[in-house]
Every structure is written in C-alpha cells, then in structure tokens.
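Undergrad: Take this sequence and fold it.
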Amino acid sequence: MSKADKIRTLARDGLSIPEIAARLGIRYQHAYNVLKRSGQPSTARLIKPTSDKQIPRAPSPKPKLSVTELVNCGFAMSGHWILSETGDVTVDRTLPKEVGVYAFALEGEVVYIGVATMGLAKRLYFYAKPGATQRTSKRLNEVIKNELCRVRFIEIYTAMPADLEWRGLPIHGSAGLELGLIKKYALPWNMRSAGQR
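TA: Okay, the predicted model is just below:
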C-alpha cells in the first residue's frame with residue numbers, strides 16, 4: 001500500500017489531517033495535498049477524535065523543547081488557546097503588543113515556535129481569524145482546533161528579546177531566537193523544523 005493510499009484510508013477511518021500526519025510521520029501539508037487531490041479535504045475540518053489516546057509522533061533526531069526549559073530561558077506564560085462557545089479558536093486574555101517570539105505548548109512540550117515582527121497580539125490574531133491567503137495561519141488554525149477537541153487549552157508563551165548589533169550591522173533579536181529554536185529542537189507543528197521530514 002502506497003503512502004497516499006494509507007493517507008486516504010486513515011481519512012476514511014475518520015482521522016484528521018494532523019492525526020494522519022503524526023501517525024505516518026509525514027508533514028501535515030503532504031497529507032493535506034493528497035486528500036485535496038483525491039477530493040477528501042473535509043478531514044481538515046474539526047473532527048472529534050474517537051478516543052482519548054494520543055497518536056505517537058514520528059521520532060526526531062533533535063530533542064524536544066520542554067516548557068520548563070523555555071520558561072527558565074525567559075519566556076513567560078501569556079495566555080491559552082481555547083475554543084469559544086461557537087467552536088472558534090480564541091485566546092483567553094489580552095496578549096502583548098510588542099514584537100517578539102511566541103511558543104505554543106501542549107502537555108509540557110513546545111510544539112510550535114514563531115516570530116511576530118508586527119507585534120504579538122496582532123500576529124496571533126491571524127491564527128484565530130486567518131485571511132484567505134494566509135496559508136500558515138489557516139493550517140495552524142485547523143491544527144489548533146483539532147487539538148482542542150482533545151485538550152482543554154494550548155498554552156501560549158512569549159519573549160521579547162532585544163535587538164543586537166554585529167560589526168555595526170543590525171541583528172533582529174526575535175527573528176534570530178525563532179530561527180535558533182527551530183534549528184535546535186524538534187517542533188512538530190513547525191514545517192521548517194529539521195526534525196520534520
């Protein structure tokens with residue numbers, strides 16, 4: 001059975017795209033594209049898992065990033081992703097407006113790192129209400145919705161590192177920190193994470 005056949009079979013069995021990607025150890029976008037081409041994109045929608053068991057993620061050569069390590073390095077808890085009464089993704093408090101780095105965490109493990117060059121509150125707003133052309137925001141909105149069927153909330157941590165200078169040239173502190181974390185750690189929701197195939 002080809003990988004595409006396995007993706008289609010798991011979708012017919014009711015698994016969501018994030019669950020299929022985790023089970024097969026593939027990228028979310030690959031599973032989504034196979035299903036879209038075969039006329040099965042409905043699995044990207046909000047689907048209640050059939051059990052409380054978490055599907056194991058594909059092994060990664062990089063270490064996981066724990067919330068404890070993140071906080072010890074200066075990140076602060078800033079809020080939680082939750083589902084509203086209407087089933088929409090929302091944040092449970094006001095987020096910082098400064099430029100910075102943000103992290104999403106599930107059950108003590110960081111699953112996504114991003115940078116907000118327009119300000120944290122504004123950037124995270126687009127995960128809750130993605131625009132038609134915002135592919136990353138749309139993808140993560142679906143991933144967050146699916147996870148929130150399984151857990152009550154997803155933690156949001158933020159940090160606002162200072163900008164630096166190297167030999168008279170500017171260095172963007174937030175962008176550098178985001179890239180460094182993505183390169184060092186296995187972050188299952190980051191498509192650029194070297195731990196992903």
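Undergrad: sec struct for the nearest residue to V71 once chain neighbours are set aside, please.
TA: Leaving aside its chain neighbours, V71 sits nearest to Y157 (7.1 Å; criterion: C-beta to C-beta, 6 or more residues apart in numbering). All C-beta spots, glycine's among them, are computed from the backbone N, C-alpha and C. Three-state call for Y157 (DSSP: H, G, I helix; E, B strand; the rest coil): strand.
Undergrad: is Y157 in a bridge, and if so with what?
TA: Beta bridges link Y157 to M77, A103 when assigned by DSSP bridges.
Undergrad: quick one: pLDDT of it?
TA: Y157 is assigned 98 on the pLDDT scale.
Undergrad: repeat for A31
TA: 80.
Undergrad: okay, now the residue nearest to V71: neighbour count?
TA: Around Y157 there are 20 other residues, counting by other C-beta atoms under 10 Å.
Undergrad: what are the phi and psi angles of I82?
TA: Main-chain torsions, I82, degrees, to the nearest 10: phi -140, psi 170.
Undergrad: hmm, back to that, from T68, how far out is the residue nearest to V71?
TA: To T68, Y157 is 11 Å away according to C-beta to C-beta, to the nearest Å.
Undergrad: picking up where we left off before, contacts only, for the residue nearest to V71.
TA: Going by C-beta atoms under 8 Å, 6 or more residues apart in numbering, Y157 touches V67, L70, V71, F75, A76, M77, S78, Y102, A103, A105, V110.
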